[in-house]
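Student: build the 3D model from these lines:
(chains A, B, C and D)
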2 protein chains.
Amino acid sequence: MEVKRSQKKKIILEAAAKLFRDKGYSATSMRDLAAEVNLKASSLYNHIGSKEELLIEICFANAERFLNGIKSINETSLSSIEKLKALIALHVEIALEDFTSVTSFNDEWRQLKEPYLTDFLKMRKDYELIFLEIINTAQNQGQIKNIDPQICLYTILSSTRWVYDYKQNSKTDDFKQIKNSILEIVTAGISC
Amino acid sequence: MEVKRSQKKKIILEAAAKLFRDKGYSATSMRDLAAEVNLKASSLYNHIGSKEELLIEICFANAERFLNGIKSINETSLSSIEKLKALIALHVEIALEDFTSVTSFNDEWRQLKEPYLTDFLKMRKDYELIFLEIINTAQNQGQIKNIDPQICLYTILSSTRWVYDYKQNSKTDDFKQIKNSILEIVTAGISC
DNA sequence: TCTTTGCAAACGAACATTCATTCGTATTAT
DNA sequence: ATAATACGAATGAATGTTCGTTTGCAAAGA
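Tutor: Here you go, the predicted model:
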């Protein structure tokens, strides 16, 4: 039963992500969260600062993960179309391996209060700008269809949004198959 | 300034959909909603029964719209691939013409309480089963790729989820272009 | 035309409940 | 014994909703 101090906070964070994902941030009470980790609400505050802190950590951890991912992909010498494929793969991989955290990051960042909301949106904007730049280059080199880059971007971004629902309903847990299927559909969708 | 009784409820419903979409159902208070329509919270109850009633009406109105849409498409004599294209077009059209209501329907149905949640999920299940049947037929006839139908389904469903964000950020309001772009990407993605 | 009646709509005040969080104290482990 | 952790009780704020009353307006009666 005994857990190290730092481990306990991680447990709380993961339980929070799960509840935020299932019920939403606002609809999740600290009593709900406490029950999930076999504590009373007041005891949570020995490990965390506030409810909002949990959301902040979830949102920014994932934002940094995506931002670091796209930056390191962009620094490679891959062709534009290869970069795009790597990006789609990145999204699928993150969505598959950490779908709880990513889902609540995707859906609940709106609940961030200032100044965190502004910071978060700035990171998202940075991410999208790099993504758009790659799309633009790929189009100029004739490697993908000439479709409004913004539409192209959003279509790619949303193509992994359902992974959590899939994992809930389906029997198979075959990561590779899911990843390959998405890659196949999206790549065929944007290629010339 | 004067509005007919039945019109007032529609105004409240639309304001509710907008707030639910922007802040989420749980984070939207009846005082927020009242302010949005220039009333006090207590006055709302001359026009509506409860906060939950608003969510119920939004969710089921859209569920029925999609269910009716897919049924009437399925009753036509179109080929399977044509049915799929019509379905994608249906999603894009609804997303474009009523994106406020559809967005809060997409994101906030989780907040429904029983017995409505069960009813809602049943309608969604019905919808998905018809959709999967069409995908299956299309695959058997060799009209689209042989990808796990469930993955195929979710990819199509999520491909219109971003329309609201796009309309917020972009200058153009060219429905036709958006619709054609999505159709082009998704059709190319699933075709053999 | 002027007054009266009726009614929908708006409101302020109040209610019970739930919320996140704090605090003092008890328990536990080192 | 010291420090970390858990807890119950309490707090103030916010929540959805109800209630009694007032307001504004339209139809009916004089």
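Student: name the helix or strand for the closest residue to chain B within chain A, please.
Tutor: Per Cβ to the nearest Cβ, residue A:189 is where chain A lies closest to chain B, at 3.2 Å. Where you see a C-beta, it was placed from the backbone N, CA and C, and this is true even at glycine. Using DSSP states H and E, the element containing residue A:189 is helix A:175-190.
Student: in that helix, what's buried?
Tutor: A:178-179, A:181-182, A:185-190 (16 or more other Cβ atoms under 10 Å in any protein chain shown).
Student: relative orientation of that helix and helix B:175-190 in degrees?
Tutor: Per axes from the mean of the first three to the mean of the last three Cα atoms, to 10 degrees, the angle that helix A:175-190 makes with helix B:175-190 is 130 degrees.
Student: what sits up against helix A:175-190?
Tutor: The contact list for helix A:175-190 (Cβ atoms under 8 Å, 6 or more residues apart in numbering or on different chains) reads A:84-85, A:88-89, A:92-93, A:96-97, A:144-145, A:147, A:152, A:155-156, A:159-160, A:163, A:166, B:145, B:147-148, B:151-152, B:155, B:185-186, B:188-191.
Student: what of stretch A:156-173?
Tutor: With Cβ under 8 Å, 6+ apart, stretch A:156-173 has contacts from A:21, A:84, A:87-88, A:91-92, A:95-96, A:99-100, A:102-103, A:106, A:131, A:178, A:182, A:185-186, A:190, B:148, B:150-151, B:154-155, B:157-159, B:161-162.
Student: about what we covered before: just the ones of the contacts of helix A:175-190 in helices?
Tutor: A:84-85, A:88-89, A:92-93, A:96-97, A:152, A:155-156, A:163, A:166, B:151-152, B:155, B:185-186, B:188-190 (DSSP state H).
Student: against residue A:119, how distant is the residue nearest in space to the middle of chain A?
Tutor: For chain A, the residue nearest the mean C-alpha position is residue A:102 (3.5 Å; Cα atoms, centre = their mean). Here the criterion is Cβ to Cβ, to the nearest Å. By it, residue A:102 lies 19 Å from residue A:119.
Student: can you report how many residues lie near the residue of chain A at minimum distance from DNA strand D?
Tutor: Nearest residue of chain A to DNA strand D (Cβ to the nearest atom of the strand) works out as residue A:42 at 2.9 Å. A count of nearby residues for residue A:42, using other Cβ atoms under 10 Å in any protein chain shown, gives 10.
Student: surely it is in a strand?
Tutor: No. Counting by DSSP: H, G, I helix; E, B strand; the rest coil, residue A:42 falls outside a strand, being helix.
Student: buried ones in stretch A:122-142?
Tutor: Result for stretch A:122-142 [16+ other Cβ under 10 Å]: buried residues A:123, A:127-128, A:130-131, A:134-135, A:137-139.
Student: stretch A:163-180: end-to-end distance?
Tutor: End-to-end distance of stretch A:163-180 (Cα to Cα, to the nearest Å): 13 Å.
Student: how far does it sit from its chain's centre?
Tutor: Averaged C-alpha coordinates place stretch A:163-180 at 16 Å from its chain's average position (Cα atoms, centre = their mean, to the nearest Å).
Student: please apply the same query to stretch A:14-34.
Tutor: 17 Å.
Student: contact partners of that stretch?
Tutor: So stretch A:14-34 is contacted by A:12, A:36-37, A:40-41, A:43-44, A:51, A:54-55, A:58, A:100-101, A:103-104, A:107-108, A:111, A:164, B:24-27, B:110-111 (Cβ under 8 Å, 6+ apart).
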